[in-house]
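Participant: Okay, structure incoming, though there's no sequence with it:
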């Protein structure tokens, strides 16, 4: 394995580089007032967390589907708009409450397909779409979906809480297929009954309630290592990962797999004593989980193949999202 | 006054016609499962309402800023994205919790201006922006903002609860100015201190808590009569309105005023015995409120000038949003 080349590929992967823009956006939104509600987590996690009473917090997330995806496969874009939001809430240990969407339609046919995909997503994940906004006369076809969820304040799965010495666990549903048109999408849900898909996301809530993980992130656009990088960055930690241990379908090359946006996959960090329980909960839900590395103090994300090591990100000198 | 011509103008106003598309979108989202949370209101109101426990409900709304607005005055678009969402929550009698945004940037300059406007909106309305998504490489400049709010279940101001015999009250902050570029925007907030602006929206929460109104809607894109039309449509009622009584700045022609999207304005229906209290609460917050008509059983929205009458909408034969 050419580890140096792999490290370069991951670092320069579009799914990672795009995240740099977040810093410029987020810097506009510093909120410095006394407020009735408690902003527990804002930018930088899978969802924001706002405490609404002594026990409970609201989760807020939003996702826009990339323009190219939308036009090449509008049904899939619509379906994924629900999937990604469902995963964002699950990755916080939360339960979804409802979604809203804003759909801008330039081409009616595309609009129809998108809505059909959203409808299927709602049926599969069991989260109601309760409102939103429609632009029937837009310049571009755009689909943005927001989700609100709820979580007990002491059961939140954050991404900024990785501790030195934690084991790094990668967890993937390996029972799936690459999307025909989008080879970076690993579809694990369209072919499964809703019962299984929902149990998979509920597994995260159980991990949160039983306080088994120190941190968690849903693997998304930046891929496995990019996502872990974001988690370590906000945790102000580093990590060493043996990439050969990451659960992977046999027939997919590693450098491709590490960029894939999977239907159901997460990265956790946890105390060693909790690893067994986490793995069991996930495997009960058809998610393959493996310890692949460890969180370290030195703020670098290092990949290894069991023999050599390469630095992918050095957070003393660079950033992924800058949150 | 040519009432017939006015009725035609209102009926065919772009802000009204655009609403027809909602029906096609909403028909995709019928949710037929047993669910842990109580969907109290979904499409058709200023925000959706989902009960989360015995006492409380979450409010969800989302708004996308029209492409033309965004490119002609990106700062204003950014600012308005906060304003419209703040008003949507207030119009339900709720308190805002937080917002998320999805910003798609094609032109950096426009992106910067939009964010600057959003930032000012956050400062003015005092609602934190806590998360979202950024597309730094989009085909079009798009800004979509979602808001989550909270309300006591027995204090919700719905738009589908107008009762026969209710008085129709139009309420506007008349202290403002037409936007330089967008003559259908009546700006009442950029020039006011945040204290006043926030008190105006809190007035709605008070009206909700004191259970003074049967229905309420924030006047938005469809203008005064279009908005009232949507309220009556979902209430399955009709109404008669003397348009000469609607609060209006002296120097703005009525047919223009009725299409204006005002910064702070609402239409209520209420029992006669509650009118005085509603008007007092609003006038304490610098909002001019007048009784302009009455809710009737016959499902038509009729405008009058004190002498003649014209039907604008006949809900037995047509629809505005079809919710």
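Facilitator: Good, I have the coordinates. Keep in mind that what you see is a predicted model, and the values were worked out from it rather than measured. Residues are numbered from 1 along each chain as shown, chains lettered A, B, ... in the order given.

Participant: where does chain A have low pLDDT?
Facilitator: A:66 (pLDDT under 70).

Participant: Would you map the helices across it?
Facilitator: A:3-11, A:14-17, A:21-26, A:67-72, A:74-90, A:108-125, A:194-209, A:223-235, A:254-257, A:272-284 (DSSP state H).

Participant: got the contact list for the residue of the stretch 201-323 of chain A found nearest chain B?
Facilitator: Taking Cβ to the nearest Cβ, chain B has its nearest neighbour within the stretch 201-323 of chain A at residue A:321, 9.4 Å off. Placement of C-beta: from N, CA and C, glycine included. By Cβ atoms under 8 Å, 6 or more residues apart in numbering or on different chains, residue A:321 lies in contact with A:19, A:20, A:22, A:23, A:44, A:230, A:233, A:234.

Participant: In JSON lines, list the helices of chain A along with mean neighbour count and distance to chain B.
Facilitator: What follows is those, written out as JSON lines (neighbours: other Cβ atoms under 10 Å in any protein chain shown; distance: least, Cβ to the nearest Cβ, whole Å):
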{"stretch": "helix A:3-11", "mean neighbour count": "17", "distance to chain B": "18"}
{"stretch": "helix A:14-17", "mean neighbour count": "17", "distance to chain B": "9"}
{"stretch": "helix A:21-26", "mean neighbour count": "19", "distance to chain B": "4"}
{"stretch": "helix A:67-72", "mean neighbour count": "17", "distance to chain B": "5"}
{"stretch": "helix A:74-90", "mean neighbour count": "27", "distance to chain B": "9"}
{"stretch": "helix A:108-125", "mean neighbour count": "20", "distance to chain B": "4"}
{"stretch": "helix A:194-209", "mean neighbour count": "20", "distance to chain B": "9"}
{"stretch": "helix A:223-235", "mean neighbour count": "27", "distance to chain B": "13"}
{"stretch": "helix A:254-257", "mean neighbour count": "16", "distance to chain B": "22"}
{"stretch": "helix A:272-284", "mean neighbour count": "16", "distance to chain B": "20"}
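
Participant: thinking again about what came up before, now the phi/psi pair for the residue of the stretch 201-323 of chain A closest to chain B, please.
Facilitator: phi -120, psi -10 (degrees, to the nearest 10).

Participant: go on, residue A:318?
Facilitator: Dihedral angles (degrees, to the nearest 10) for residue A:318: phi -150, psi 170.

Participant: from what I can see residue A:3 touches residue A:306, true?
Facilitator: No. Using Cβ atoms under 8 Å, residue A:3 is not in contact with residue A:306, being 10.2 Å away.

Participant: What residue, apart from its backbone neighbours, is nearest residue A:111 spatially?
Facilitator: Of all residues not flanking residue A:111 in the chain, residue A:105 sits nearest, at 3.7 Å (Cβ to Cβ, 6 or more residues apart in numbering or on different chains).

Participant: what's the neighbour count on that neighbour?
Facilitator: If you count neighbours by other Cβ atoms under 10 Å in any protein chain shown, residue A:105 ends up with 23.

Participant: Show residues contacting stretch A:176-191.
Facilitator: Outside stretch A:176-191, the residues touching it (Cβ under 8 Å, 6+ apart) are A:15, A:69, A:72-73, A:76, A:79-80, A:83, A:120, A:124, A:172-175, A:197, A:249, A:252, A:256, A:259-265.

Participant: Per the annotation, how does chain A divide into domains?
Facilitator: A:3-17+A:157-314, A:37-154 (automatic domain parsing).

Participant: need these in TSV with distance to residue B:157, can you?
Facilitator: Listed next are those as TSV, based on distance: least, Cβ to Cβ, whole Å:
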stretch	distance to residue B:157
domain A:3-17+A:157-314	33
domain A:37-154	16
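
Participant: Of the ones you listed, which is nearest residue B:315?
Facilitator: domain A:37-154 (20.3 Å; Cβ to Cβ).

Participant: OK, contacts around residue A:308?
Facilitator: residue A:3.

Participant: What is the burial count for residue A:54?
Facilitator: With other Cβ under 10 Å as criterion, residue A:54 counts 6.

Participant: what's the answer for residue A:134, then?
Facilitator: 24.

Participant: can you pull the contacts of it?
Facilitator: With Cβ under 8 Å, 6+ apart, residue A:134 has these contacts: A:102, A:103, A:105, B:18, B:21, B:22, B:25.

Participant: do stretch A:93-103 and chain B meet at all?
Facilitator: Yes. Interface with chain B: stretch A:93-103 contributes A:95, A:97, A:98, A:99, A:100, A:101, A:102, A:103 (Cβ under 8 Å from any Cβ of the partner chain).

Participant: Redo those residues as a markdown table? Include neighbour count.
Facilitator: Formatted as a markdown table, the residues of stretch A:93-103 next to chain B follow (neighbours: other Cβ atoms under 10 Å in any protein chain shown):
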| residue | neighbour count |
| --- | --- |
| A:95 | 19 |
| A:97 | 27 |
| A:98 | 24 |
| A:99 | 32 |
| A:100 | 27 |
| A:101 | 30 |
| A:102 | 26 |
| A:103 | 26 |
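
Participant: out of the residues you listed, who's nearest residue A:88?
Facilitator: Among those, and counting by Cβ to Cβ, the member closest to residue A:88 is residue A:99, at 10.9 Å.

Participant: The closest one is in contact with residue A:143, isn't it?
Facilitator: No. Using Cβ under 8 Å, residue A:99 is not in contact with residue A:143; the gap is 11.7 Å.

Participant: Can you tell me which of the residues of stretch A:93-103 next to chain B end up in strands?
Facilitator: A:95, A:97, A:98, A:99, A:100, A:101, A:102, A:103 (DSSP state E).

Participant: List just the nearest of those residues to residue B:276.
Facilitator: Of those, the one sitting nearest to residue B:276 (Cβ to Cβ) turns out to be residue A:100, at 36.2 Å.

Participant: So that closest one versus residue A:211, what's the distance?
Facilitator: 31 Å (Cβ to Cβ, to the nearest Å).

Participant: picking up where we left off before, got CSV for the helices of chain A, with distance to residue B:160 too?
Facilitator: Compiled in CSV, the helices of chain A are given as follows (distance: least, Cβ to Cβ, whole Å):
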stretch, distance to residue B:160
helix A:3-11, 52
helix A:14-17, 44
helix A:21-26, 37
helix A:67-72, 33
helix A:74-90, 27
helix A:108-125, 23
helix A:194-209, 31
helix A:223-235, 43
helix A:254-257, 51
helix A:272-284, 43
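
Participant: Among the ones you listed, which comes closest to residue A:163?
Facilitator: helix A:223-235 (8.1 Å).

Participant: Now do the closest one and helix A:3-11, the angle between them.
Facilitator: Between helix A:223-235 and helix A:3-11, the angle comes out at 70 degrees (axes from the mean of the first three to the mean of the last three Cα atoms, to 10 degrees).

Participant: on contacts alone, who are the packing partners of helix A:223-235?
Facilitator: If contacts are counted by 3 or more Cβ pairs under 8 Å, 6 or more residues apart in numbering or on different chains; DSSP states H and E, helix A:223-235 sits against helix A:3-11, helix A:14-17, strand A:167-172, strand A:215-218, strand A:238-242, strand A:265-270, strand A:300-304, strand A:309-314.

Participant: deepest of those, which one?
Facilitator: strand A:265-270 (a mean of 29; mean count of other Cβ atoms under 10 Å in any protein chain shown).

Participant: Perfect, that will be all.
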